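In: compute the structure for the input listed below.
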Amino acid sequence: MFCLQAGALNNTMYIDEQTNSRVLKCPAGNSTGTISAGNNSLGCNLNPFKNVAGLAMDSFGNMYRSDSGCDLVLQFPPNSDSTTSGTLKMSGHSNPEHIYLDPLTNDLYMAMKREHSVLKLAYNNNTPVILAANNRIQRWLPSAKSGDIIIGSAAGASGTTAIY
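Out: Below is the predicted model of the structure:
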């Protein structure tokens, strides 16, 4: 499994290689890449990786990487290389799979596979907020303090409007 992410700021593609436990940075026009994160060793720490799940870039050029094998989301600065340790942005939640970074707010959204939930990590905050769980999908309008249920229910009812 591998992930691709295009860096809009620097016209660069980032390739997350699970087999080699690293992220390659490939600038446009170059046929070879350089290591942007990871050190070719398997592990659960701030530099070695275990299981690639997702990549995202913020508007400052920072790279975010989710590791579903280690239950971590790490942030790497734009100039990182194989010796750079990531900054821990999230841990303690099961299987952060897909991640998405809102380009307007730099808020990070993470789909947690085993928890059946979506977490939001506001920019410059290390406390994620659960946005979707409990057998429902909610819509959150900008600046809202609560969400509107679109489909499903917190009780987990059955039927055509239920989500399991």
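In: okay, the residue nearest the centre of the chain and S146: tell me how far apart.
Out: Centroid-nearest residue in the chain: I99, 3.1 Å away (criterion: C-alpha atoms, centre = their mean). Using C-beta to C-beta, to the nearest Å, I99 is found at 24 Å from S146. The way it works is simple: take the backbone N, C-alpha and C, and place the C-beta from them, glycine included.
In: give me the element the residue nearest to the centre of the chain is part of.
Out: strand 96-101 (DSSP states H and E).
In: next one: the helix or strand just after that strand to chain centre, how far?
Out: Tracing the chain C-terminally past strand 96-101 and defining elements by DSSP H and E, one meets strand 108-112 next. Offset of strand 108-112 from its chain centre (C-alpha atoms, centre = their mean, to the nearest Å): 6 Å.
In: same check, this time on stretch 48-61
Out: For stretch 48-61, the distance to the chain centre is 6 Å (C-alpha atoms, centre = their mean).
In: how long is it end to end?
Out: In stretch 48-61, first residue to last residue: 21 Å (C-alpha to C-alpha, to the nearest Å).
In: isn't M90 up against Q75?
Out: No. When contacts are counted by C-beta atoms under 8 Å, M90 is not listed as touching Q75 (9.6 Å).
In: who has more neighbours out of the two?
Out: Set side by side, M90 and Q75 show more neighbours around M90, with 22 against 19, by other C-beta atoms under 10 Å.
In: if I look at the more buried one, how far off is V73?
Out: 4 Å.
In: what's the overlap in contacts for these two?
Out: 96, 110, 121 (C-beta atoms under 8 Å, 6 or more residues apart in numbering).
In: so who does T34 touch?
Out: 24-25, 81.
In: now it: phi and psi?
Out: phi -120, psi 150 (degrees, to the nearest 10).
In: likewise for T87?
Out: Backbone torsions of T87, given as degrees, to the nearest 10, read phi -100, psi 130.
In: going forward, the N-terminal residue is numbered 59.
Out: With 59 as the first residue, the last one maps to T145.
In: nearest spatial neighbour of it, skipping sequence neighbours?
Out: What sits nearest to T145 in space, not counting adjacent residues and going by C-beta to C-beta, 6 or more residues apart in numbering, is Q133, at 4.5 Å.
In: hang on, isn't the one you found packed against K147?
Out: Yes. The criterion here is C-beta under 8 Å, and Q133 meets it with K147 at 5.1 Å.
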